[in-house]
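Fold the following for me, if possible:
(chains A and B)
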Amino acid sequence: MKKLLIVLSLAILSLNLTGCPSSTVASTPTVQAQIAVTQTLNALGVALKATPGILDTLYTNGKITKDTYNAAANVYNQTIASYKLAVSALNTTVAAGQDPNTSTAYLSALFNFTTNQDNLNNLIAAMGGK
Amino acid sequence: METTAAVTIAALQLAAQLSPAAIQLVNGIIASFQNSGLSEADQLKALNDLSESLKPMELKA
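From the prediction side, this is the model:
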């Protein structure tokens, strides 16, 4: 919960600091917030997509056992499932013209995703994957 | 926009607790989206395509 509050606070801070954008794309603080969240989720998704390759390399090189590989794969599968829910919640938020930083549904989905991702990152770090 | 990007990236780093190498990767990816010139609708479409492309890993027997 502390992490969620930090993210929310920083996201709100970003809106306060931004002012009028120079971009022709962003026209309102809500749209700017939607774009920032979209870009962030895009980046996280690209990083997430690299995980199976990391795990395969660790397993192929004998750094982890089959059981460890499967345990990590299960956490990865939970993580991408929660990622898809966060993306879905963002779609709903954007369609409704809402600021995702004030959407309970989106923030809840984001929190579930980051919790899973923390578990995944910690697991991979413990394997020597960092 | 730079301030927004910096703060958003800081929030991202806190949220994801990524390794330095991963943070660098994510920052680069965010910058590429910011410089892509894509409309918000196209960025959202790219996100949805990416989300759709993520498939569950198969367990080893």
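
which one is residue A:49 nearest to, not counting chain neighbours?
Nearest residue to residue A:49 in three dimensions, chain neighbours excluded: residue B:54, at 6.2 Å (CB to CB, 6 or more residues apart in numbering or on different chains). Using the backbone N, CA and C atoms, a C-beta is placed for each residue, glycine as well.

residues contacting that neighbour?
A:45, A:48-49, A:80, A:83-84 (CB atoms under 8 Å, 6 or more residues apart in numbering or on different chains).

I'd like the distance between residue A:41 and residue A:74.
22 Å (CB to CB, to the nearest Å).

The two: which is more packed in?
For the pair residue A:41 and residue A:74, the greater number of neighbours falls to residue A:41 (24 against 15), based on other CB atoms under 10 Å in any protein chain shown.

May I have the predicted confidence score for the residue nearest to residue A:49?
Reading off the confidence values, residue B:54 has pLDDT 95.

and if you look at residue A:25?
At residue A:25 the predicted local distance difference test score is 48.

Break down chain A into its helices, ranges please.
If you assign secondary structure with DSSP state H, the helices in chain A sit at A:2-18, A:29-49, A:51-60, A:66-95, A:104-127.

and residue B:41, how many neighbours?
Residue crowding around residue B:41 was assessed by other CB under 10 Å; the count is 11.

With the one 3 residues further on instead?
The burial count assigned to residue B:44 is 22, neighbours taken as other CB under 10 Å.

ditto for residue A:70
If we define neighbours as other CB under 10 Å, then residue A:70 has 18 of them.

That one reaches residue B:58, doesn't it?
No. If you go by CB atoms under 8 Å, residue A:70 and residue B:58 don't touch, sitting 9.5 Å apart.

Ok, which of the helices of chain A comes nearest residue B:24?
Go through the helices of chain A one by one with CB to CB and the one that ends up closest to residue B:24 is helix A:29-49, at 10.5 Å.

Return the list of helices and strands in contact with the closest one.
Using 3 or more CB pairs under 8 Å, 6 or more residues apart in numbering or on different chains; DSSP states H and E as the contact criterion, the neighbours of helix A:29-49 among helices and strands are helix A:2-18, helix A:66-95, helix A:104-127, helix B:2-16, helix B:20-34, helix B:40-53.

So what does the residue nearest to residue A:49 have for phi and psi?
Phi and psi for residue B:54, reported as degrees, to the nearest 10, are phi -80, psi 120.

do stretch A:115-130 and chain B meet?
Yes. With CB under 8 Å from any CB of the partner chain as the criterion, chain B is reached by stretch A:115-130 at A:117-118, A:121, A:125, A:130.
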